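[1] Any chance you can model this:
(chains A, B, C and D)
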Protein chains: 2
Amino acid sequence: MGEKPTRDHIVEAADRLFYENGYEHTSFAHIADSVQISRGNFYYHFKSKDEILDAVIALRLANTQRMLDRWEQDAASPLERLRRFIDMLIVNQAPILRYGCPVGTLCTELAKLDHAGKEQANALFTLFRTWLKRQFVALGRKSDADALAMHLLGRSQGVATLANALGDKRFLRREVRQLHAWLEQDMASPG
Amino acid sequence: MGEKPTRDHIVEAADRLFYENGYEHTSFAHIADSVQISRGNFYYHFKSKDEILDAVIALRLANTQRMLDRWEQDAASPLERLRRFIDMLIVNQAPILRYGCPVGTLCTELAKLDHAGKEQANALFTLFRTWLKRQFVALGRKSDADALAMHLLGRSQGVATLANALGDKRFLRREVRQLHAWLEQDMASPG
DNA sequence: GTCTATACTGAGATAGAC
DNA sequence: GTCTATCTCAGTATAGAC
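    Sure thing, here's the model as predicted:
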């Protein structure tokens, strides 16, 4: 205990660098520098760059699942949980303005690269989608729960993408307020 | 007349390849193959890859401006023009599902690369933003015209990003219907 | 204006010593 | 498990013939 394995250091560094600089733009040299190990040592832990991407996505899936579980515990009502989701845009405002949404930007990049890891990255979206859907079902919106989940996911993506491109913090906060308003209003009238 | 200059062929090929495969992922070899010229010839027309990006963005700016002018002429009312904007998602549905929004994905990529051309690419967003704002002003929404323009821009981005990631055509069409409904409803009640 | 040939760089990846 | 050294390949870019 106490010392974290080198492998974990690599995955965490790659996670951050892939987010900040993109997957393709991040080289082994960048990661090695960040972790303070040699380039050669690298291949003891991973056979290829694709394998690191797999590990990074697995890490993100685990971290996301943990976050959703925490929300499920901490927030008493489904409505309160949905508010947590929306407020992610505020909590992560600084990185979103600089680098966009970690999920959206990765999926966008992998789609262009026609990369095999694309499907895995989409699972991150599915994780949120399923969780959101469950909250809407709990609110009595069984028939359109999935559509509502996708709508909220899409709105968040749009906010992140545009706020990132234009570096517009006020836009981000304004849209978050509107999303909260939409939530209140929409949950008052059953679909 | 009749023969298009090689330079224009290069820019058009680069435009398409940057969209389909991303800027960084597109090499000179790809472009050269597509235009059927040698790699060397390339440098007679452009000094660097950055210069090609500049030319591609300039082309997109010109094409976008032309499209907006056409909408301005063809559509009689501001409301009808805004509908044209929303319907872009339908008209370009196939490429959006495969490659996302040309503006959004380019800005996202350049932001991660911390590329100098980022500001130029953002001008594409500004072009739409200004045009949309003008339509909302014409509808009597002077005070919040820019916020409405940004909102519509953000919603479109979200639809494109998520539809592209998940390859979900039904989601795209459902969201377009909701955007039309939002437009009708929101323009009925002044902000 | 277009070509071939080539220089130079950085990337992913391997071999083998320690 | 970690290192150094090295290979191979693709990418950008240049030189110079035609």
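
[2] all contacts plus neighbour counts: C-alpha atoms, from now on.
    Fine.

[3] Just the pLDDT at the residue nearest the centre of chain A, thanks.
    In chain A, the residue lying closest to the centroid (CA atoms, centre = their mean) is residue A:103, at 3.8 Å. With respect to pLDDT, residue A:103 scores 98.

[4] Check the secondary structure at it for me.
    With DSSP: H, G, I helix; E, B strand; the rest coil as the basis, residue A:103 sits in helix.

[5] who touches it in this structure?
    Applying CA atoms under 8 Å, 6 or more residues apart in numbering or on different chains to residue A:103 gives the contacts A:121, A:124-125.

[6] Could you do residue A:139 as well?
    Contacts of residue A:139 (CA under 8 Å, 6+ apart): A:78-79, A:187.

[7] As a markdown table, these with distance to residue B:71 would be great.
    As requested, these are exported to a markdown table (distance: CA to CA, whole Å):
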| residue | distance to residue B:71 |
| --- | --- |
| A:78 | 43 |
| A:79 | 41 |
| A:187 | 37 |
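
[8] Buried ones among those?
    Applying 16 or more other CA atoms under 10 Å in any protein chain shown to the contacts of residue A:139, the neighbour count classes A:78-79 as buried.

[9] could I get the contacts of residue A:139 as CSV with pLDDT and distance to residue A:146?
    Formatted as CSV, these follow (pLDDT from 0 to 100; distance: CA to CA, whole Å):
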residue, pLDDT, distance to residue A:146
A:78, 97, 15
A:79, 97, 16
A:187, 86, 14
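
[10] and residue A:26, backbone torsions?
    When read as degrees, to the nearest 10, the backbone of residue A:26 gives phi -90, psi 120.

[11] Just the pLDDT at it, thanks.
    We have a pLDDT of 98 for residue A:26.

[12] who are the neighbours in contact with it?
    Neighbour list for residue A:26: A:17-18 [criterion: CA under 8 Å, 6+ apart].

[13] any residue of the longest helix along chain A up close to DNA strand C?
    Identified as the longest helix of chain A according to DSSP state H is helix A:49-74. Yes: using CA under 7 Å from any atom of the strand, helix A:49-74 reaches DNA strand C at A:49-50.

[14] how far out from the middle of the chain is that helix?
    9 Å (CA atoms, centre = their mean, to the nearest Å).

[15] Which parts of the next helix-or-strand element following it count as buried, going by neighbours?
    Per DSSP states H and E, the first helix or strand lying C-terminal to helix A:49-74 is helix A:78-91. Using 16+ other CA under 10 Å as the test for burial, helix A:78-91 gives A:78-79, A:81-87, A:89.

[16] and what of stretch A:102-116?
    For stretch A:102-116, a neighbour-count test (16+ other CA under 10 Å) marks A:102-113 as buried.

[17] Tell me the residues of chain A that contact DNA strand C?
    Counting by CA under 7 Å from any atom of the strand, chain A sits next to DNA strand C at A:24, A:26-29, A:39-41, A:43, A:47-50.

[18] Please repeat the previous calculation with a cut-off of 6 Å.
    When proximity is defined by CA under 6 Å from any atom of the strand, chain A lies next to DNA strand C at A:27-29, A:40, A:43, A:47-49.

[19] Which member of the residues you listed is positioned nearest residue B:146?
    Minimum distance to residue B:146 across the residues of chain A next to DNA strand C is 40.3 Å, recorded for residue A:27 (CA to CA).

[20] And the helices in chain A, which stretches?
    Applying DSSP H to chain A gives helices spanning A:6-21, A:28-35, A:42-45, A:49-74, A:78-91, A:93-99, A:102-113, A:118-138, A:145-166, A:169-188.

[21] Distance-wise, check residue A:113 relative to residue B:91.
    As judged by CA to CA, to the nearest Å, residue A:113 and residue B:91 stand 24 Å apart.

[22] first vs last residue of stretch A:97-116, how far apart are they?
    28 Å.

[23] do that stretch and DNA strand D meet at all?
    No: using CA under 6 Å from any atom of the strand, stretch A:97-116 stays clear of DNA strand D, with a minimum separation of 11.6 Å.

[24] isn't residue A:138 right up against residue A:78?
    Yes: at 6.5 Å, residue A:138 and residue A:78 qualify as touching, with contact defined as CA atoms under 8 Å.

[25] Would you point out the most distant pair within the buried residues of helix A:78-91?
    Greatest spacing in the buried residues of helix A:78-91, by CA to CA: A:78 and A:89 (18.3 Å).

[26] For residue A:57, see how far away whatever residue of chain A ends up closest to chain B is.
    Residue of chain A nearest chain B, by CA to the nearest CA: residue A:158 (3.5 Å). The gap separating residue A:158 from residue A:57 is 22 Å, by CA to CA.

[27] who's more crowded, the two?
    Each of residue A:158 and residue A:57 has its neighbours counted (other CA atoms under 10 Å in any protein chain shown); residue A:158 has more, 29 against 23.

[28] Which residues are in contact with the closest residue to the more buried one other than its chain neighbours?
    Counting by CA to CA, 6 or more residues apart in numbering or on different chains, residue B:158 is the residue found nearest to residue A:158 once chain neighbours are left out, at 3.5 Å. Neighbouring residues of residue B:158 by CA under 8 Å, 6+ apart: A:153-159, A:161.

[29] Low-confidence ranges, chain A, go.
    Applying pLDDT under 70 to chain A flags residues A:1-2, A:190-191.
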